[in-house]
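> mind looking at a prediction? Sequence and model below.
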Amino acid sequence: MGIIDRPFPLEQLFTKNDEYSTESSTQQSKTEKLVYDLFKVVKEKNSLKTIRLNRIAHIKFATDGLKGLHKHWVVLDANKPWLCYWMLHVLDLLGHDITQELISRGVSTISKLQNATGGFGGGPAQISHAAVTYAAVNTIAILGTKEAYDLIDRESLYKWFMKLKQPDGSFIMHEGGEVDIRGAYCVLASAALTNLITPELIAGTADWIRRCQAFDGGIGGEPGLEAHGGYAFCGLAAMEILGKTDLLDVPSLFRWASSLQMQLEGGFQGRPNKLVDGCYSFWVGALFPILEIIMTRQQLKKNDAKCKELDEYIAQPLFDREALQEYLLIACQYHKGGLIDKPKRSPDYYHTCYCLSGLSTSQHHVIYDFEKAASLNTEQELNAGDRSLLWSEDETKILVLGDPSNVVNATHPIHNVTIPKAKKMIEYFREKPFSF
Amino acid sequence: MHGRKRVKPTAEVEKLRKEKEASKIKEYNGIVAACLEKKNKCEFDNEAFILTTKILSQNPDFYTIWNFRRSILLNEISEDCSEEEKQQKFSSELLFLQEVFRHNPKSYWIFNHRQWCLDTMPNPDWKSELDLVSKMLDMDARNFHGWNYRRYVISKLSCIDSNALNLSKTEFDFTTAKINQNFSNYSAWHQRSKLLPKLVEDEQLGDQGKKPLIDQEIRHISILGAYYDSQNYQIILAFDDEIGMLTPFQVAYKNDTSQLNIVEGHWRSVSGSSDVDRMHGFVWIFTLNIESSFNELFVTVKPEWIVPSNSEVKLVSNIQMHCQLPEQNKDTLILMPPQTVAENTTILSTASRFREDILPMTMQERINLLKREIATVKELQEIEPESKWCLQTLLILLRELKYISELNTEESKNIDEEVITICDQLINIDKIRTKRFEDLRSRAIFETATNNLIQVSPNAQQEIIFRDNRLFMSEKSQLPTFTLTNRNLTIIPTPSILLHIRILDLSYNKLTSTIFLSNLIHLQEADFRDNCISSINGVNNLRFLRVLNVQSNLIESWEAVRNGFVKWQGGECKVYVSGNSFINESDGKKLKWEKEMDKIEFCY
């Protein structure tokens, strides 16, 4: 579909406030105008086909970051693995070589952050934190060497995970920290990559996540909270790791997620009546590949279909992939490199990472190996990491807006590291069964 | 950006800036190192406390330091410390947090620490916390940390305040105020959705005490029809694709002692060999293993089908369809209205949506509410005739009303007509969603048109039978006929209702697929002239089909026609194909197909 080439004027897509403006609608109109001005130029010049991803500038932005940061970023002092993950994932998505030098440096940095009591801290001598640990484990996946993998002390990591576990199935973010659904996702995703999922680790978690689904279908940070794009991703991805997506009301989640794609901007908002933000290109965008496979799975089950007829069941991409690419390429690229939340904002590593992850999600059609899933007994019995292994890319369905060179590498919809990197790590730890 | 030229700082200025920054970083790192050293040595002294203050003012995300600060505080109050002193300490801690919050309104750690302080201090002042969180939400009315914190404060207040009813009410009023400030504040609407059921519950506590909430887990099963063919000992079941799956039914007869005995037999899908065919509408044939004719059969949904196997719901009363088979005419279609299957059960957990907090309401209350809402929205629509939201809401309300209330034919026809009119308006107003409204419109048109096909049986309330076939015989033919032409139909929503039809005329519509035909196993003639069909599907199993007209459609290749007949099981059949782009006008006259297709005759 896309937005710019629609057979009617762009102006028709402006939100109508029926002359009853609110603070939200005023901000919305301002944002639309910013995006509209950029889209209009492309439409008038008919230059959509030549839009380019400014790859070199974005690579420079990420590599410059690896050299040091401005003092403005002091809050990230407790989030060093996140910085590593954001920057390295950007390089990996853009196909930039992760050099031996970078790998050594990464291994050295991450190794200093591991605590003897399990897990990773945001900096040396900092206590372990679930989100930080997720970022550290993903960083290790991107580094992708045996040396990096072996850095993880799995035994203490597992024991620490169990300390975060609450009786109701939820996880706290760190000792003395808050409970929310990020904890569940970060723990489960890290455990899936490192082959640490056990029945005792996941007991009650699926049911707790189910309770986080709100009346509108979205998923909130805790039971009873307003649904939110980031939390919805954490919830759905965690349920997929657990093989329990059937506990969720999938149609209403799908409806909620698709209503978050903006009609003029093409990007996603994180909550209804909020503004578009490039980072939700991934958080909300990556809900769709997961929802697609859930729907396909349900259809297969419903019809007891044989795998040879599988093609007829594969759900089509369920969001407007071109519209999202238009937003990211036209409105979110900062001229000096890096990607941004929305026009007139400054770039940062978080937005650069998630805008590009969203770009990857919209360019590639990732699919699931249903045949293999069926052959491996019932899916419920699949080990969580095995389930992540079933994802791959359908290279016949790449959709790249603008210049063909805009294509970035395909990211794993559950782990958000490139698919080969995720698989390599899972396969490595598969050979090292749980023995403590 | 945007024409504004930035003056590049001179090398000297840049150098100065870097030096200044370097010294700041050095200073920060020094404090952090000193603080972490104190932590390692377990020195919970005032000096350490000051260090944490310095770090957290700059970096409130430094969770390790927050934890250390808590240890220091705990250490201090564990020593000889009066209640007053404790209170004093935590009060100043709360002030510090307020200061940090001002610069970082979205930090998880600030809220976490604040909750810890309040839970730890001797006399937390929850009322002033409520004032504070109101101020926070004035600064950013969508801050979900703020809303979450508000729910926490309220839960604490309701523990100490016996007048909880009042609290729900004042909270409800707070959301009203927030919504009045900004109507688009979805966070306030969400909060309201949580408070409404509480309000209702609170108010009911007086007289009705523990009146159980109405079962919210309503699972719909609608079986469109069962059709018993005594000649072949077959039962044909058609059901809504919402529950479509392999044989969810069991068939039983009553023996002399009125006990139900399961009838052995096997199920077969008639909707074609391809699974795609099976996806569209579901018709199943049950063939009895024994040769015996029944006058009465019971079709039951298998218990495991009604609720997910992992839920703890026990099914009290099986959903059951009783086929009283008339002596003469055994062609009976029994329709069952959607049933609340899980009635009278205590739901503990099911796969459906989390609905702990839906308003308790009886069906009649719901109907009244819908009618009232429809009236209100219509008033609004008179003022704003072009507003898509009014029309869209009206559409949703009308359709729900139609499905949940037992309407007579006339009433339901009126609703359908209203729905059609609204769809027509929406097709014009909301151009980017035209297709969606075209489909909805088709649904309403189809439902109105098929109302005539069925009637409520005089015997049983739940039984709906096909009207006498003779009513649908046209002048041309002595066979049951269904005609719905020139209505811009884009889909056939429930093809199973047409199960008995022999002659089907859907010409001059906007149908894009013939796949639904796979269910209409009695079909002899089908007319799809002037539609938007691009390939032929769903016809392989139509043994009696002898005429198929797809003239003037959008078929672009012979392949698209041929593939439809690859597994043809019927007899001689004529297929009219002219007016499609793949037919060369000069070809004209008769077209013969290849050898293996000798039963199919293609006509111009």
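Cool, the structure landed. What you see is a predicted model; the values in this text were computed from it and never measured.
> buried ones in the one helix or strand in chain A whose mean pLDDT sits lowest, by neighbour count?
Ranking every helix and strand in chain A by mean pLDDT, DSSP states H and E puts helix A:370-375 at the bottom, with a mean of 77. Within helix A:370-375, the residues scored as buried using 16 or more other C-beta atoms under 10 Å in any protein chain shown are A:370, A:373-374. (Glycine included, C-beta is placed from N, CA and C.)
> residue A:273 and residue A:50, how far apart?
35 Å (C-beta to C-beta, to the nearest Å).
> correct me, but residue B:479 touches residue B:522?
No - between residue B:479 and residue B:522 there is no contact, the gap being 9.2 Å when judged by C-beta atoms under 8 Å.
> anything in stretch B:565-580 near chain A?
No - figure legend: stretch B:565-580 not in contact with chain A (C-beta under 8 Å from any C-beta of the partner chain); closest approach 13.5 Å.
> sec struct for the residue lying closest to residue B:39 once chain neighbours are set aside, please.
Nearest non-adjacent residue to residue B:39, counting by C-beta to C-beta, 6 or more residues apart in numbering or on different chains: residue B:68, 4.7 Å away. Of the three states, residue B:68 takes helix under DSSP: H, G, I helix; E, B strand; the rest coil.
> what segments of the stretch 101-250 of chain B are helices?
Under the criterion DSSP state H, counting those that start in this stretch, helices of the stretch 101-250 of chain B are mapped to B:108-120, B:126-139, B:144-160, B:164-181, B:186-208.
> okay, buried residues for the third one please.
Under the neighbour-count criterion of 16+ other C-beta under 10 Å, helix B:144-160 has B:144-154, B:156-158 buried.
> and for the fourth one?
Of all the residues in helix B:164-181, those buried under the rule 16+ other C-beta under 10 Å are B:165, B:167-169, B:171-172, B:174-175, B:178-179.
> one step back: who has more neighbours out of residue A:273 and residue A:50?
It is residue A:273, of residue A:273 and residue A:50, that has more neighbours when counted by other C-beta atoms under 10 Å in any protein chain shown, with 18 against 10.
> what does the model give the residue lying closest to residue A:21 once chain neighbours are set aside for pLDDT?
Ranked by C-beta to C-beta, 6+ apart and with sequence neighbours excluded, the top spatial neighbour of residue A:21 is residue A:29, at 7.7 Å. What the model reports as pLDDT for residue A:29 is 94.
> returning to what we had before: pLDDT check: weakest of the buried residues of helix B:164-181?
residue B:165 (55).
> wait, residue A:34 sits on residue A:341?
No - assessed by C-beta under 8 Å, residue A:34 is found out of contact with residue A:341, at 11.5 Å.
> more neighbours: which of the two?
When residue A:34 and residue A:341 are compared for neighbours, residue A:341 comes out ahead with 22 against 17, by other C-beta under 10 Å.
> any chance of the backbone angles for residue B:487?
phi -120, psi 10 (degrees, to the nearest 10).
> typed the wrong thing, it's residue A:116
phi -60, psi -30.
> and residue A:51, by the same measure?
phi -60, psi 140.
> how about the closest residue to it other than its chain neighbours, phi and psi?
Among residues not flanking residue A:51 along the chain, residue A:402 sits closest, at 3.3 Å (C-beta to C-beta, 6+ apart). For residue A:402, the backbone dihedrals (degrees, to the nearest 10) come out as phi 80, psi -150.
> residue A:402 reaches residue A:55, doesn't it?
No - here residue A:402 does not reach residue A:55: they are 12.0 Å apart, not a contact under C-beta under 8 Å.
> and those two? which has more neighbours close in?
More neighbours surround residue A:402 than the other of residue A:402 and residue A:55, with 18 against 15 (other C-beta under 10 Å).
> the more buried one and chain B, how far apart?
Using C-beta to the nearest C-beta, to the nearest Å, residue A:402 is found at 21 Å from chain B.
> separation between that residue and residue B:35?
50 Å.
> got TSV for the buried residues of helix B:164-181, with distance to chain A too?
Formatted as TSV, the buried residues of helix B:164-181 follow (distance: C-beta to the nearest C-beta, whole Å):
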residue	distance to chain A
B:165	20
B:167	16
B:168	15
B:169	19
B:171	14
B:172	16
B:174	15
B:175	12
B:178	11
B:179	10
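> from residue A:396, how far out is the residue in the stretch 51-200 of chain B positioned nearest to chain A?
For the stretch 51-200 of chain B, the residue closest to chain A is residue B:184, as judged by C-beta to the nearest C-beta, at 3.6 Å. Residue B:184 sits at a distance of 42 Å from residue A:396 (criterion: C-beta to C-beta).
> the more surrounded of the two?
Counted by other C-beta under 10 Å, residue B:184 and residue A:396 do not tie: residue B:184 has more neighbours, with 22 against 6.
> show me what contacts that one?
A:22-25, A:273 (C-beta atoms under 8 Å, 6 or more residues apart in numbering or on different chains).
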